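*Asks:* Structure, please.
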Amino acid sequence: MKKVIGILAVALLSVTVSCKDNKQEEQKEEMHNEMSDNHTKYACPMKCEDDKMYDKAGSCPKCGMDLEAVETHDHSEMNHEDGHDHGNSESTEREITQNSTKNNATSAMLDAYFEIKNGLVADSKEKTANGGNSLLTAISKFDMSKLSGETHKEYMEIAESAKEHAEHIIKSPIDHQREHFEALSTDITDLVALLGTDKVVYQDFCPMANNNKGANWLSEVKEIKNPYFGSKMLKCGSVKKQIN
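*Replies:* Presented below is the predicted three-dimensional model:
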C-alpha cells in the first residue's frame, strides 16, 4: 500500500511540475508575441511618403518635419469597414484667428473641397470621390516653403487631417462620404482662417446634420444647397456668415 501511495505522489508531483513549466512557457511565448507585435517605428506626420516607416527618429527627407513615434501592431484581424463609426470621430478643436489676407495659395484646395461638396449635393458618390482625388493633388502641390513658425505647424496639422478625410471620401459609400465631409469642413474652414483666401466664401449651417446636432460647411455660392442630405432636403440650412 505504501508503495502505491508513493508512486501516486511521484506522479502527482510530476504533473504539477509539468503544468507549471507549461504555464511559464505560455507566459514567455505571450510576452514574445506582444513584443513582436508592438514596437516603435517612426513616420512623417504629413505622410509625405505614404505609410513609409523608419527604424530611428529623425527628420522626413521630403518635408523636413520631425518624424513621430508610432506603435506598430498586428492589425491582421481588424476590419476597417465593419463596425467603424465614421460619424463619431471628433474633429480637432483649434483656436485660429481669421486671416483677412487675400491669399490665392489656398484656391486649389478650396476648389477641390467645393467639388466634393457639389458631388454630395448631387448625390453622386463618383463626383464626390473625384473631388477627394483633387484635394489630395492640391495638398501635395501646396508650397509650404513660405510658411514659418506656428503657421507652418498649424498648416501641417490641418493638411494631415484633411488628407486623411479625403482618402476616406475617395473609397467610401456616400453616407460615409458625408460623415467625413463634416470633419473635412472643419479642416478647410480652419485652413481659410489660418491662411486667408481671395475667394468669396459663405459659411452655411444645417441644424439637422450630425444627428440633429448641426454641422457647418463652406460654399462658393450664397444659395443654400445642402451636401449632408442632398436632394432629400436640398434647401435645409442657412448662411451664417460671409468670408471676404
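
*Asks:* element containing the residue nearest to Met233 when sequence neighbours are not counted?
*Replies:* Once flanking residues are discounted, Met233 sits nearest to Asn226: 5.7 Å by CB to CB, 6 or more residues apart in numbering. All C-beta atoms are positioned from the backbone trio N, CA, C, and that covers glycine. Secondary structure from DSSP states H and E places Asn226 outside every helix and strand.

*Asks:* Repeat that for Gln177.
*Replies:* Here Gln177 sits within helix 174-195, counting by DSSP H and E.

*Asks:* Name the strands paired with the next helix or strand along the chain from that helix and say parallel or antiparallel.
*Replies:* Counting by DSSP H and E, the next helix or strand C-terminal to helix 174-195 is strand 201-206. The sheet places strand 201-206 alongside strand 215-219 (antiparallel), strand 238-243 (antiparallel), with pairing taken from DSSP bridges.

*Asks:* Between helix 174-195 and the shortest one, find me the angle.
*Replies:* Here the directions of strand 215-219 and helix 174-195 differ by 70 degrees (axes from the mean of the first three to the mean of the last three CA atoms, to 10 degrees).

*Asks:* CA atoms only: put strand 215-219 into PDB for me.
*Replies:* Only the C-alpha atoms of strand 215-219 are listed here, as PDB (Å, rounded to 0.1, in the frame of the first residue of the first chain):
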ATOM      1  CA  ALA A 215     -23.000  71.000 -38.800                       C
ATOM      2  CA  ASN A 216     -21.300  73.700 -40.900                       C
ATOM      3  CA  TRP A 217     -20.000  73.700 -44.500                       C
ATOM      4  CA  LEU A 218     -18.400  76.200 -46.900                       C
ATOM      5  CA  SER A 219     -19.900  77.200 -50.200                       C
END
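
*Asks:* please renumber so the chain begins at 44
*Replies:* All set: I'll call the first residue 44, so the last point we hit is now strand 258-262.

*Asks:* sorry, back to before: mind listing what's buried in the helix holding Gln220?
*Replies:* 217, 219-238 (16 or more other CB atoms under 10 Å).

*Asks:* And stretch 279-286, by the same measure?
*Replies:* For stretch 279-286, by 16+ other CB under 10 Å, it's Cys279, Gly280, Ile286.

*Asks:* residue contacts, the residue lying closest to the first one once chain neighbours are set aside?
*Replies:* By the measure of CB to CB, 6+ apart, the closest residue to Cys279 outside its immediate chain neighbours is Asn269, 4.9 Å from it. Each residue near Asn269 by CB atoms under 8 Å, 6 or more residues apart in numbering is listed here: Val164, Cys249, Met276, Leu277, Lys278, Cys279, Gly280.

*Asks:* The third one is in contact with Met251, isn't it?
*Replies:* Yes: counting by CB atoms under 8 Å, Met276 does reach Met251; the two are 7.0 Å apart.
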